[in-house]
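Peer 1: build me a model from this:
(one chain, ligands or ions: 1)
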Amino acid sequence: MGLLEGKNALIFGLANERSIAWGITQAFKREGANLGISYAGEALERRVKPLAEQVECKWVEECDVSKDEYIAATVGKAAKHFGKIDILVHSIAFAGREELNKPYYQTTREGFKTAMDISVFSFVALVNAFLPILNPGASIMCLTYGSGAVKVAPHYNVMGVAKAALESSTRYLAYDLGPQKMRVNAISAGPIRTLAAAGVGGFRDMYKHFADMSPLRENVTIEDVGNLAVFLASDLSKRITGEVVYVDSGFNIMGVQMAGKEEGKE
Ligand code: NAP
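Peer 2: The predicted model follows:
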């Protein structure tokens with residue numbers, strides 16, 4: 001029997017087969033969850049619908065999380081289809097490409113607001129809107145990049161600041177929802193080649209550097225993230241909340257970064 005058998009799971013942020021949300025969707029399917037998928041806009045429908053079919057997902061809804069009325073409508077549709085929800089995944093971020101290619105101090109007011117609204121506030125708004133239909137024991141999670149939130153990742157700029165706010169929001173939400181036995185955690189993934197990542201200046205170099213510098217000397221895959229999401233969604237983690245859990249081949253533990261030597265070589 002799968003770890004998520006009988007649980008209703010909603011995943012927000014599927015764009016294509018490279019999306020972290022796709023790794024999570026596939027892992028949830030493997031573990032027996034009933035799936036619901038949400039995507040951002042009409043342009044994605046063509047890519048998302050065939051993916052949903054692959055995992056026999058019947059609930060596929062468009063939701064632009066920058067609009068309260070879209071979120072409210074999505075909650076209504078989820079309530080009608082599933083009744084109650086056990087797992088909510090927020091795998092959404094956005095910042096204007098131009099904000100990620102210049103010094104952080106040149107961030108524009110509009111660019112700052114947009115990044116915060118879509119990458120952080122939408123998490124709070126989703127939790128607030130879905131609360132009435134979340135089951136006790138529900139598990140909620142979001143995706144962060146801790147190496148850009150608590151440290152500096154060149155070019156990550158306003159997105160790093162947004163991720164710091166997202167991680168902090170995770171802790172505040174965990175405090176609020178704890179008495180209802182609902183858990184809120186953040187997954188901090190190492191760099192993965194996705195659509196969102198393509199907008200970050202110098203991503204290619206960062207991706208390569210990461211594999212050279214991490215203790216496990218390997219990049220992270222969407223399957224790795226999916227497996228961590230299963231753990232956080234399942235009752236195996238039922239006393240874990242408010243945490244930022246890293247799946248990054250150990251990269252974040254490094255204080256000084258030097259290209260690793262092969263075993264037995266000087
Ligand atoms: P992705 O496939 O591009 O997913 C990002 C998703 O956010 C897309 O589906 C995107 O839709 C959606 N989105 C943007 N604006 C939205 C809006 N207004 N309403 C609803 N959805 C919206 O990239 P990803 O890398 O898997 O990103 C998923 C999450 O993982 C993000 O939070 C990201 O910061 C995080 N993360 C990524 C990495 C990495 O290296 N890739 C590492 C750590 C954490 P559109 O395509 O239509 O904009």
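Peer 1: how about the helices of the stretch 1-150 of the chain, start to end?
Peer 2: Remark: helices assigned in the stretch 1-150 of the chain by DSSP state H, counting those that start in this stretch are 20-30, 42-54, 68-82, 109-116, 122-130, 146-149.
Peer 1: those into a markdown table, with extra columns for distance to residue 243, mean pLDDT and mean neighbour count?
Peer 2: The C-beta positions use only the backbone N, C-alpha and C, and glycine is treated the same way. Shown next, in a markdown table, are the helices of the stretch 1-150 of the chain (distance: least, C-beta to C-beta, whole Å; pLDDT from 0 to 100; neighbours: other C-beta atoms under 10 Å):
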| stretch | distance to residue 243 | mean pLDDT | mean neighbour count |
| --- | --- | --- | --- |
| helix 20-30 | 17 | 98 | 24 |
| helix 42-54 | 29 | 90 | 14 |
| helix 68-82 | 25 | 98 | 15 |
| helix 109-116 | 22 | 98 | 16 |
| helix 122-130 | 15 | 98 | 21 |
| helix 146-149 | 11 | 96 | 23 |
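Peer 1: gap between the nearest residue to residue 90 once chain neighbours are set aside and the ligand?
Peer 2: In space, residue 90 comes closest to residue 142 once its chain neighbours are excluded; the distance is 4.2 Å by C-beta to C-beta, 6 or more residues apart in numbering. Counting by C-beta to the nearest ligand atom, to the nearest Å, the gap from residue 142 to the ligand is 7 Å.
Peer 1: what's near enough to touch residue 142?
Peer 2: For residue 142, the contact set (C-beta atoms under 8 Å, 6 or more residues apart in numbering) comprises 89-91, 123, 166, 170, 186-187.
Peer 1: please repeat the previous calculation with a cut-off of 6 Å.
Peer 2: Residue 142 makes contacts with 90, 123, 166, 186, as judged by C-beta atoms under 6 Å, 6 or more residues apart in numbering.
Peer 1: which SSE is the third one in?
Peer 2: It refers to residue 166. helix 157-177 (DSSP states H and E).
Peer 1: who are the packing partners of that helix?
Peer 2: Contact partners of helix 157-177 among helices and strands, from 3 or more C-beta pairs under 6 Å, 6 or more residues apart in numbering; DSSP states H and E: helix 109-116, helix 122-130, strand 134-144, helix 146-149, strand 183-189.
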